[in-house]
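Enquirer: Curious how this folds, go ahead:
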Amino acid sequence: MSRLPLALGLLVFASNPEAARGDSSMAVTRIPLSARQQACGGAYGSYDVLGVVENPASLATQRRMIEVNAADQYLFSSGENVLGLGVGWMNGSADTGAWGVAVVAAQVFTASFNEVDELGNATGRRVSPVGRRFDLATAYQRSSVAVGASMGTAAESYGSLPDDAGKGPSGVQLAVGTLASFDRWSAGAAVQFRGLGGPAGIPGVVSAGGSVEEAGLRFNASMLAPLAGPAGPAVLAGFRWPVSDSFDLQGAYNASFATGVAASLGGSVRIGFSVRSTRVGMDYTLVVPLSSGLGMTHLITLGWSFGNRRSSPQASPPVPSPAESASPNP
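Expert: I've put the predicted structure just below:
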């Protein structure tokens, strides 16, 4: 059973190389959940409550009081499935100070397989890897600057196996982030510290990114790098094109690197679209690996929003139009 944490970690790492920079185990903590952000180039170009796991300060750009997002991902021709759910609450005005909280939960299902021993012989037992994570984030915004912090837990299990062999590693992690957001551009950075939980703990990473609006397009880029280990940074860059008030097209390119290796270890192309109204939206992203032969990944996100952010019972910001909802950066 000693190989199981590595096996699950490698499955997750292979499906999203940029999501597991650092230790191969506990890679469930690095799976990106937002279909829209994966298609347009990162968490700084378009708000999604599922993206607060990358930078908790991004919660400040939530337009309405309550945002709910549900995500589903199909990898390896449905050999691996990722489910995510995020709920965010943000209230107040940037002029007088605004704050909010968000909760994100995710679960990874990997297709079960027959266990083998060190010699490759079947043991007659079936292994069913599952990874789970849970994050609680909070953010505060004043003027155009926001800060945020989050605490997360993650755990892996491998099914009902004797002698507690199905119990995998677990860990707790803290993260802090900041974000500056203006009319035409935004930029931010976050540190997710290496989690508690021993040698199989949650890997620590630092991330940074930004976006700029030019010629009717929103160009986005982000980088994620491990705090330790042989893995190098991963870069994601792309754009979002608001074709109409309710329809966006996105495209992005991802490249992953290793320490001491000049060339990219592998890349992928992402294309997607978003259909949005004032209160309801859907995002779809297709991830096509360029060299690994792992097969395509499908990401789908459904979103709902409710209420208006208020700074006081007597005053509230105007209700966003569908166009503003499609371009959620303040």
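Enquirer: what's Ala102 in contact with, if anything?
Expert: 49, 52, 56, 59, 86-89, 135-139 (C-beta atoms under 8 Å, 6 or more residues apart in numbering). Where you see a C-beta, it was placed from the backbone N, CA and C, and this is true even at glycine.
Enquirer: Can you tell me which of those has the most neighbours?
Expert: Neighbour counts for those (other C-beta atoms under 10 Å) peak at Val52, which has 35 neighbours.
Enquirer: Wait, a helix at that residue?
Expert: Yes: per DSSP: H, G, I helix; E, B strand; the rest coil, Val52 lies within a helix segment.
Enquirer: Please name the residues that touch it.
Expert: Listed by C-beta under 8 Å, 6+ apart, the contact set of Val52 reads 58-59, 86, 88, 102, 104, 135, 137, 139, 148, 150.
Enquirer: Reformat the residues you listed as JSON lines; add secondary structure and pLDDT.
Expert: Listed next are the contacts of Val52 as JSON lines, based on DSSP: H, G, I helix; E, B strand; the rest coil; pLDDT from 0 to 100:
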{"residue": "Ser58", "secondary structure": "helix", "pLDDT": "93"}
{"residue": "Leu59", "secondary structure": "helix", "pLDDT": "94"}
{"residue": "Gly86", "secondary structure": "strand", "pLDDT": "96"}
{"residue": "Gly88", "secondary structure": "strand", "pLDDT": "96"}
{"residue": "Ala102", "secondary structure": "strand", "pLDDT": "97"}
{"residue": "Val104", "secondary structure": "strand", "pLDDT": "95"}
{"residue": "Asp135", "secondary structure": "strand", "pLDDT": "93"}
{"residue": "Ala137", "secondary structure": "strand", "pLDDT": "96"}
{"residue": "Ala139", "secondary structure": "strand", "pLDDT": "96"}
{"residue": "Gly148", "secondary structure": "strand", "pLDDT": "96"}
{"residue": "Ser150", "secondary structure": "strand", "pLDDT": "94"}
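Enquirer: now, among those, which is nearest to Gly307?
Expert: Gly88 (11.5 Å; C-beta to C-beta).
Enquirer: Quick check: the closest one touching Gln62?
Expert: Yes: look at Gly88 against Gln62 with C-beta atoms under 8 Å: they come within range, at 5.3 Å.
Enquirer: shared neighbours of those two, which are they?
Expert: Taking C-beta under 8 Å, 6+ apart as the contact rule, Gly88 and Gln62 both touch 49, 100.
Enquirer: about what we covered before: out of the contacts of Ala102, flag the one nearest to Ser222.
Expert: Nearest member of those to Ser222, counting by C-beta to C-beta, is Val52, at 14.0 Å.
Enquirer: how near is that closest one to Glu213?
Expert: Val52 is 22 Å from Glu213, where distance means C-beta to C-beta, to the nearest Å.
Enquirer: cool, and Pro203?
Expert: Pro203 is 33 Å from Glu213, where distance means C-beta to C-beta.
Enquirer: Likewise for Asp245?
Expert: As judged by C-beta to C-beta, Asp245 and Glu213 stand 16 Å apart.
Enquirer: ok, Pro203 and Glu213, which is more surrounded?
Expert: For Pro203 versus Glu213, the count of surrounding residues by other C-beta under 10 Å is larger for Pro203: 26 against 18.
Enquirer: If I look at Pro317, what pLDDT would I see?
Expert: pLDDT recorded at Pro317 is 39.
Enquirer: Give the other helices and strands that the strand or helix carrying Ile271 contacts.
Expert: Take DSSP states H and E as the rule and Ile271 turns out to sit in strand 266-276. Packing contacts for strand 266-276, counted by 3 or more C-beta pairs under 8 Å, 6 or more residues apart in numbering; DSSP states H and E, involve helix 35-40, strand 247-258, strand 280-289, helix 322-326.
Enquirer: orientation of that strand relative to strand 280-289 in degrees?
Expert: Orientation check (axes from the mean of the first three to the mean of the last three C-alpha atoms, to 10 degrees): strand 266-276 against strand 280-289 gives 160 degrees.
Enquirer: Start the count at 23 instead of 1 going forward.
Expert: All right, first residue 23 from here; so that's strand 288-298.
Enquirer: which residues are in contact with strand 288-298?
Expert: With C-beta under 8 Å, 6+ apart as the test, strand 288-298 has contacts from 39, 57-58, 60-62, 68, 260, 268-278, 303-314, 321, 325, 344, 347-348.
Enquirer: just stretch 90-97 next, same as before
Expert: 37-38, 53, 55-57, 70-72, 102-110, 128, 316-317, 319-328.
Enquirer: Would you tell me which one of the helices and strands packed on strand 288-298 is buried the most?
Expert: Neighbour counts (mean count of other C-beta atoms under 10 Å) averaged over each of the helices and strands packed on strand 288-298 peak at helix 57-62, with a mean of 32.
Enquirer: tell me what that one is packed against?
Expert: strand 253-266, strand 269-280, strand 288-298, strand 302-311, strand 319-328.
Enquirer: Would you format those strands as JSON lines with mean pLDDT included?
Expert: Putting those into JSON lines (pLDDT from 0 to 100) gives the following:
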{"stretch": "strand 253-266", "mean pLDDT": "90"}
{"stretch": "strand 269-280", "mean pLDDT": "89"}
{"stretch": "strand 288-298", "mean pLDDT": "90"}
{"stretch": "strand 302-311", "mean pLDDT": "92"}
{"stretch": "strand 319-328", "mean pLDDT": "93"}
